[in-house]
Structures are given as structure tokens and as C-alpha cells.
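Asks: for reference, the sequence and a predicted model appear below.
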Amino acid sequence: MDRFIFLTVDGLSRGAVFAAFALALVLIWRGARLVNFSQGAMAAATTYIAYSVTTASGSYWLGLASAVAAGLVIGALTERLVMRRVDPSRPLNAVIAALGIVLVIQAVLGILYGSAYRAMDVPFSRRPLSIGGQAVLSPYDLFVFVTVAIVMIALGLMFTRTGVGLKMRAAAFNPDMARLLGVDVGRMLTLSWALAGAVGGLAALLVVPTELGAHPHATDLVFVYAFTAAVVGGLDSPVGAVGGGLCVGLVLSYVSGYSGSDLSAVVILAVLTVVLLVRPAGLLSRPAARQV
Amino acid sequence: MTGTASGSLRIRELTAGYGGPAVLHDVDLDVHPGTIAAVVGANGAGKTTLLRAVSGLAPRCTGSITWEGTELRGTRVEDLVRRGVAHVPEGRGVITELTVEENLRLGHLWRKDPADGRRAVAEVFEMFEPLARRRASAGHLLSGGERQMLAIGRALVGRPRLLLLDEPSLGLAPKVTAQIMALLRHLRDETGLTILLVEQNVRSALSVADRGIVLSLGRVVVDDDAGTLAADADLRHAYLGF
Amino acid sequence: MLDRLARHRLARHLLIAVVAGAGLVALTYALPPFRNYQLATMAAYLCATAGLTVLVGLSGQLSLGHGALMATGAYACALTSAELGDAGVTAPLLLLGPLVAAIVAAAVVGGVVGLAGARLHGPYLAGLTLTLTIVVPAITTTFADQLGGDQGLSVLVEPAPAGLGIAFPLERWQAWIACTAALLTMLLLANLTGSRFGRELRAVRDDEVAARLAGIDVGRTKVVVFVVSAAAAGLGGGILAVLTQSVSPGAFSLAFSLFLLMAVVIGGTGSLAGAVWGALLLVALPELTALLSDNLATSPRLAERLDGNLSLLVFGLVLIVVTIVLPTGLQGLFSSAAGRLRRPSRPSPVDLTHQPTTDTEPTDAQHTSTP
Ligand SMILES: Nc1ncnc2c1ncn2[C@@H]1O[C@H](COP(=O)(O)OP(=O)(O)O)[C@@H](O)[C@H]1O
Ligand SMILES: [Mg+2]
């Protein structure tokens, strides 16, 4: 029972990170109808930036802030310099261009930093605190939950309460009409990419230090988990992404906790295959809502 | 009256299309300030393309479109509202994923004057009772008539000087169509709004319009006083089918 | 006589294959061993890029998992060769058996992915196949007892048959094996794309609804092409295992799958001749960038970092630039130039869509290129 609670909390903590990362994918999917396959590589880059800034300044928080800022910039640049120029009538080309970005980012990171893992510190202890003699939750887990919750609430408020959020939604749902109503759709798209870059960067920074550390490929699996989460939840649905992220986190935690750790990637492949075979529109979305 | 007056639209030698053969050929058309011009014609005549050309949505376009004395072509679509032009497209363009209130808010967001925006929304709710009752409903839950009200209301909250309306009567019951036409007449008479109305429902359109323009295969074949047009039996038989 | 031959597709392709084969044999006698080895590697890549280009270009399905499918073939090849070796089997069965196993194993995996893919559009299938690729190393560690973990497995390969002479270089023999596999793959795929099935594929790609109305079984078509494409990749992987006499997960990274995709995109998706260009580039570019990094690097540390990463960078930039500037690929450039010179082609019997197609379907002339 102890182990179950521990694994559940651990799974939710990792799941929260995947949820945030999946949210970044959903942001771009809703804005541009494409899956940003370079999301992982972008996050690898921001993680290195956090690593460098923290190493130079000694402050975790400065590193975190620069990772978020760099995510904004990298996301916006990716959209402006590459994605905007890809012929929209050939949807595969956007995927291919994004993959080109993956190669470029990973190559640049490899040249700048080499291929050794760079261990990174976390700002709070990862040792679980006990409640009534029962080890439950580490301060770092709490930090992850709070951070992800803040991000989600902030995004939710932005989209539902602010003018720019309304314009972003309008631009995503009906770009032609939005333009006729004075919305600069191109700018909204850039903003979506920038936000996705920042959210993805933040999410990666929450999880990478708990594993082996910064590496050009450190976020490859994070991307896969988040993609699975987004598919489980339905790529159109921010709420689904959060639910999907938590599910994926729990599954991974239970699998690695109760069997060998290496199985988790295999299990994710199985989950993704089954979900795509059975419910391609996502487990958590309304079935008729969308034709995949 | 010349084309430089405020509130006047002047189209000259407009040729427009989508990359293939041109859809509109050498269209000349004037809409005078505070009047309603009705463009009628068969399905596929190019009515929608005409409105799209005016608002910059037609990909291929030559000729001149002068609005209040300055050229409209070359204006970015998203800057159209800032020139006082509102376009209610074919099919209404209600953003169905947003609520009624959000759709309306979108209509005045560009003006960056929230206080007047709220006032304008309140006016629309006064004008369209049913919308006020459904302000929190998502757009896809509205009936056709409610959607048309919302689309026109959303255009009005931007306080435009020119309204481009594409087949507002499409799919609506005659009673609702009559209400919409009465509203257009009211807007023209009370606020001096200039309206370019595209319709297949010739009878309704000519009943409110000052000027009637018949478009056939992309060309203007008749441009006359709306009353004269409605009364001319030969013309009606030749082009309008009633 | 020659004129009639030119009209019969299969006969024409066979003739081309025989001529190309003869040319290749001659080439292997002219090349030094190292170049022969590179030729063999290129032929192995060609199996995969040809399969991938048919999949992406003709059926519009994007796979980022062809590296994983090659890995499947390579591991199947290694495992089978070990089994056969233990059982005392010798050449030629020791060579053919594992390669057949490679094809079958990859085809089975491809069938499962294809089943999912038949119901999915671009990004979903891409995500699934990407996951497949990323999961390969995890699978090899999970089943380390069977698959050897990070170290991988070694592959039992016999030297060239004694009949060819004692001094016959192994590399030339390898080139023969690989080029035979590549030629067979190309021959099969060229016939497939030119056949009724190829036309059905294009119809499905251009407009699924119209294809369905025309009586085409869309799902079956998509699965079949995925299986064929996967089988070709599996053969490529098997050949690669035979060439390197080993398999390890490191050889089939995500980057490798993306390289395959890049090779296809540069050549022009759907063009078999383009697949040859792509395979050539896959072998040539790393060598060129290695040369470049040797000249650029001022310190051994920098050299180590530039090594490999520089080709990654170049491949990535090429991928981006080609997608933006040359959406039809290099071969598209050539064939549009050639098309202007040739007489207008005859209309295709199945013409379901009236939208202008700007893709580069392999025209008859394009099938002629071989390694
Ligand atoms: N997006 C488009 N692309 C190509 N041709 C179009 C497009 N929209 C309309 N057309 C063509 O332009 C012509 C006029 O269409 P339209 O302006 O919609 O006519 P109307 O509104 O009078 O029914 C038709 O022949 C139609 O096929
Ligand atoms: Mg129309």
C-alpha cells in the first residue's frame, strides 16, 4: 500500500510535467493544425540554456527564467523563420520541416556542449516527506505540482479572460473570419509558438534534472510521452492533454515501479498503438467531435 | 455626387478570380453614402467574389476599389475594420466554438475602447432580443436566424461605415428575412450606414435597396434604380426569373 | 523489337535491371575495396529509401520509423543467422535465410503499424512511427538477454564463395549481395508503382473519399503499401547487418530515421530515382562533412564534437531548405526540366481527381537510374 501511494504521487508528479508538455503540443495544434515534432528539441535547447545560466550565476531561478524566455524566442523564431514559409497545402512538409529543426538543434547542442550528460540541480529536496509515518510527497514534487498548476491556470485565464486569448482562439477556429474582424492571425500564430516554446521549456526543466541531466536527446522520450498524452486526451483539447498527461505519468510510474524500469517505453508504444487503433480521436474526447 | 465623399464606395474595372479564368470581368459599381446597393444574380454569377475582392480576400484582383476617396486594394484584410468596413461573409462566419458574447466582443476588440465596446454590445442585445437571452451559448447552438443576427450584430459593434453583406436571407424563413431587411433599412435611415448587399432573394433585396445591380457570369448587365428594376417585367424575366 | 520491349513495362524494367546489374559488376571490379564497401552500404540504404519514398510519395503516409523497421530486419537477420549457424547450416542458406527473416519480421511489424496508420492521418502516424524509433534502444535493453542490449549482436557471415577465387575481396562480394538486393527491390517497387495498385495508391493519396467511391479498398491499400515498404526497409536492415557483421541500437537512432526521410525528401518523394540520389547522399554527406570538420576543428575536442554533429546539422538544414524552396525535391527539378522536353504523357486510366498534382510521381524515364 505504501508503495502504491508513493508510485501514485510520483506518477502524478511526472504526469503533471507531461501534461504541461502536451499542452504545448495542443497550443500549436489548435493554432496551426500541426504537431510540432520539434517541441522536444526546442525544450532540449532551453534546458541547456538553463544549465548554462545556472552554472554561471549559481541561481536556479535565473536559469528557469532564462529557459522560459528562451522558449518564447525559439518558438517565435521557429514559426517566423521556418513554419510560416512551408507550403500549407502540403501538410507533410510542415512535419518534415519540424524534423529538420530537430536535427539542427540537436547538432548545434552537440557541437556546443558535447554528448556527455550535464547533471543539473533541483531547488528543493526530492526526498519524500512523511505524513503520519507514511512517505508521500517530496518538496520537489510539490514544486512541480504548483508550477504546472500555475502555468495551466495562467493559460486558462489568458485564453478565456483576455482579449489576446480571445483573438488567439478566434484565429485558431476560423482564421478567415478572424482576419475580417481585425485579428492579425499571423501574429497570433507566432504567439502560439512562442507560448508553446516557453511551456515546453518549463516542463522539460522540471523533469530533465530528475533524470540524467541535460543532453541533446534528453527530451526525446519526454516528447513521446507528451505526444501520447495529447493523443490520449485528444490533440484539440487542453483539458484532455492534462488528463492524458496524468494518465501517462501514472502508467509509467506503476509499470516501472512494479516491473523493470525499461519496460515503460515499450508500454507507452503499446498504449499509443492501442489508442490509435481503437479510438484515434482520443480516449477523453467526445467521439463525434472530430474526424482524425 | 462624386466618389470621394465619406461613406462612398466606387469600383472601377474590377477583374477578379482565383487563379483560373477570371470570375469577375470589368465590374464598375458605385455605392453612395447612406444607401443600400443590392447585387443580385444567379448562383455562381460572382456575387461572393465581388465582396471578397472588396475586402481583399480574392487572390487575384485588378482594377480599383475606392472607399472614401482612397484605394482599398492593398489594405491587409485585418486592417479592413480599421477603415470602417465590415464584411459579413457567406454562411455568416459565426465562430461556432465561441459564445455569442465572445463573438460580439471580437467585433469591437480591435477598437481598443472597451467602454464603447460594451455599449455597442448592449445596443446589439437591445436590437436582437433572442441574442441577449443566449449570450452565453456557444455559436453552434444557435438557429440560422440567430446566427445571422449575431453576424450582423458583430459587424455593428465595430461601428462600421460600410457593411458588406453576403446572402443574409440564405436558409432563413421569410418572416426572419423580412426582419433582417427591415433592420437594414433602419440602419441606413437612422445611422447613415452604407450597405453593399448581395442576395439571391431578389424580391427582398430590391424591396430595401436604393440601387439594383444585376451580375451575370461575372459582368454587370444592369445597374439601375432598385424600384425601376423591380418594376421592369422584361428585365425580371431575362435575369431574375420572377 | 526494341520498341515493343520499351512498351512492355515489366520487360523494360527487367532489361534495365540487367543492364544496371552488369554495369555494377563492372564497377565493383574498378573500385577499391573501401569504395565497394560504400557502394554496398549505399545499396542497403537504397532498399530502405526506395521503400520509404513509395510510402510517403505515393500513399501520403509519413513514416519516421523506417530506421526502426531496418533495425527489426537487422535483428531478425542476426538472430536467424545465429540459429542457422548453430544448426550447422552453411552458405548460401546461411545468407538467404536471415535475409528472408529480416524481410518477414519487418513486414509483420510494418503490418501492425500500417493497420493503425490506415486509420490515421499525417501527424498521428508520424507520431506513432516516431515512438517506434525512439523505443528501439529501450526494447533492446529490456530484452538484453536476447538482443544484447547496447552492445547488440554479431552476425555470422561467410566469406565470398571459393568458386570466385581465393583473392576475391570480401568487399566486392558484399557489394554484389547488396546491389542484388537493391536491384530486386527497385525492380519490384518500379513495377508496383506503375501497376494498377500504384494508381490506386495515388488515388487514395489525392482524395480518399473519391477513391472509396471508385471502389478502392482504402484501408487495405494503405496497409499493403506499408507492409511492402516495411519489407524493403527490413531487407535493407538485414543487408546492413550482413555488411557490418553486427547490429546495435545505436546504428538505428532517431537521427538515422530522419536521415532516411531526408534522403527521400531531397530526391523528391515518390521518385525511385530520387531514392537513389538520397541513398548516395546518405553515404557521401557524412564523408564530406567529416572532411570539413577535420579542416575546421582547431582542437581534438572540437573535432570530436563536430564529428557526426556537422553532418546532422547539414542534413537538418537541407531538410528545412528543401521543404521550403524545393517542395518537389531534386528529382522534381530534373523531371520538370525533362518533362518540358518530352512529348505530353498519355492520360492515366484512373483519373479521380481534377486537382493539379505537383508531386513527382516516377515517370517512366525515372525508373532507369540505378546505383
Ligand atoms: N475559392 C474558389 N476557388 C476557385 N473558384 C471559385 C472559388 N470560389 C468561387 N469560385 C468560382 O467563382 C465563380 C463565382 O462564384 P461566387 O462568387 O461564389 O458566386 P455567387 O456568390 O454569385 O454564387 C463560380 O464559378 C465558382 O466556381
Ligand atoms: Mg455566393
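Replies: Good, I have the coordinates. Ligands and ions are numbered 1, 2, ... in the order given.
Asks: in chain A, which spans are helices?
Replies: Under the criterion DSSP state H, helices of chain A are mapped to A:2-32, A:39-57, A:60-77, A:91-113, A:139-161, A:163-173, A:175-180, A:185-207, A:220-233, A:238-258, A:263-278.
Asks: hey, which of those is tucked in deepest?
Replies: helix A:220-233 (a mean of 28; mean count of other C-beta atoms under 10 Å in any protein chain shown). No exception for glycine: its C-beta is placed from N, CA and C like everyone else's.
Asks: C-alpha coordinates for that helix, PDB please?
Replies: Backbone C-alpha positions of helix A:220-233 (Å, rounded to 0.1, in the frame of the first residue of the first chain) are rendered in PDB as follows:
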ATOM      1  CA  ASP A 220      13.200  12.700 -26.900                       C
ATOM      2  CA  LEU A 221      11.300  10.400 -24.600                       C
ATOM      3  CA  VAL A 222       9.500  13.400 -22.900                       C
ATOM      4  CA  PHE A 223       8.200  14.300 -26.300                       C
ATOM      5  CA  VAL A 224       7.000  10.800 -26.900                       C
ATOM      6  CA  TYR A 225       5.200  10.600 -23.600                       C
ATOM      7  CA  ALA A 226       3.700  14.000 -24.100                       C
ATOM      8  CA  PHE A 227       2.600  13.100 -27.600                       C
ATOM      9  CA  THR A 228       1.000  10.000 -26.200                       C
ATOM     10  CA  ALA A 229      -0.700  12.100 -23.600                       C
ATOM     11  CA  ALA A 230      -2.000  14.500 -26.200                       C
ATOM     12  CA  VAL A 231      -3.300  11.700 -28.400                       C
ATOM     13  CA  VAL A 232      -5.000  10.000 -25.400                       C
ATOM     14  CA  GLY A 233      -6.600  13.300 -24.500                       C
END
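Asks: tilt between that helix and helix A:39-57?
Replies: Comparing the axes of helix A:220-233 and helix A:39-57 via axes from the mean of the first three to the mean of the last three C-alpha atoms, to 10 degrees yields an angle of 130 degrees.
Asks: on that earlier part again, mind putting the helices of chain A in JSON lines, distance to residue B:141 and mean pLDDT included?
Replies: Formatted as JSON lines, the entries for the helices of chain A read as follows, by distance: least, C-beta to C-beta, whole Å; pLDDT from 0 to 100:
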{"stretch": "helix A:2-32", "distance to residue B:141": "21", "mean pLDDT": "91"}
{"stretch": "helix A:39-57", "distance to residue B:141": "34", "mean pLDDT": "96"}
{"stretch": "helix A:60-77", "distance to residue B:141": "34", "mean pLDDT": "96"}
{"stretch": "helix A:91-113", "distance to residue B:141": "31", "mean pLDDT": "91"}
{"stretch": "helix A:139-161", "distance to residue B:141": "18", "mean pLDDT": "93"}
{"stretch": "helix A:163-173", "distance to residue B:141": "15", "mean pLDDT": "93"}
{"stretch": "helix A:175-180", "distance to residue B:141": "18", "mean pLDDT": "93"}
{"stretch": "helix A:185-207", "distance to residue B:141": "25", "mean pLDDT": "95"}
{"stretch": "helix A:220-233", "distance to residue B:141": "24", "mean pLDDT": "89"}
{"stretch": "helix A:238-258", "distance to residue B:141": "20", "mean pLDDT": "90"}
{"stretch": "helix A:263-278", "distance to residue B:141": "30", "mean pLDDT": "82"}
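Asks: I'd like to know which of these lies nearest to ligand 2.
Replies: Each of the helices of chain A was checked against ligand 2 via C-beta to the ion, and the shortest separation belongs to helix A:175-180, namely 14.6 Å.
Asks: ok, longest helix in chain B?
Replies: For chain B, the helix reaching the highest residue count under DSSP H is reported as helix B:174-191.
Asks: so which elements touch that helix?
Replies: Contacts of helix B:174-191 with other secondary structure elements, assessed using 3 or more C-beta pairs under 8 Å, 6 or more residues apart in numbering or on different chains; DSSP states H and E, are made with strand B:36-40, helix B:144-156, strand B:194-199, helix B:202-208.
Asks: show me what the helix or strand just after the shortest one is packed against.
Replies: Sequence-wise, the next helix or strand beyond strand B:36-40 is helix B:47-54, with elements assigned using DSSP states H and E. Taking 3+ C-beta pairs under 8 Å, 6+ apart as contact, the helices and strands that helix B:47-54 lies on are strand B:9-17, strand B:24-31, strand B:36-40, strand B:60-67, strand B:85-88, strand B:162-166, strand B:194-199.
Asks: need the ones you listed in a markdown table with mean neighbour count, distance to residue B:48 and mean pLDDT, can you?
Replies: What follows is these, written out as a markdown table (neighbours: other C-beta atoms under 10 Å in any protein chain shown; distance: least, C-beta to C-beta, whole Å; pLDDT from 0 to 100):
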| stretch | mean neighbour count | distance to residue B:48 | mean pLDDT |
| --- | --- | --- | --- |
| strand B:9-17 | 20 | 11 | 93 |
| strand B:24-31 | 20 | 10 | 93 |
| strand B:36-40 | 26 | 10 | 94 |
| strand B:60-67 | 18 | 14 | 90 |
| strand B:85-88 | 27 | 11 | 95 |
| strand B:162-166 | 24 | 6 | 95 |
| strand B:194-199 | 26 | 7 | 95 |
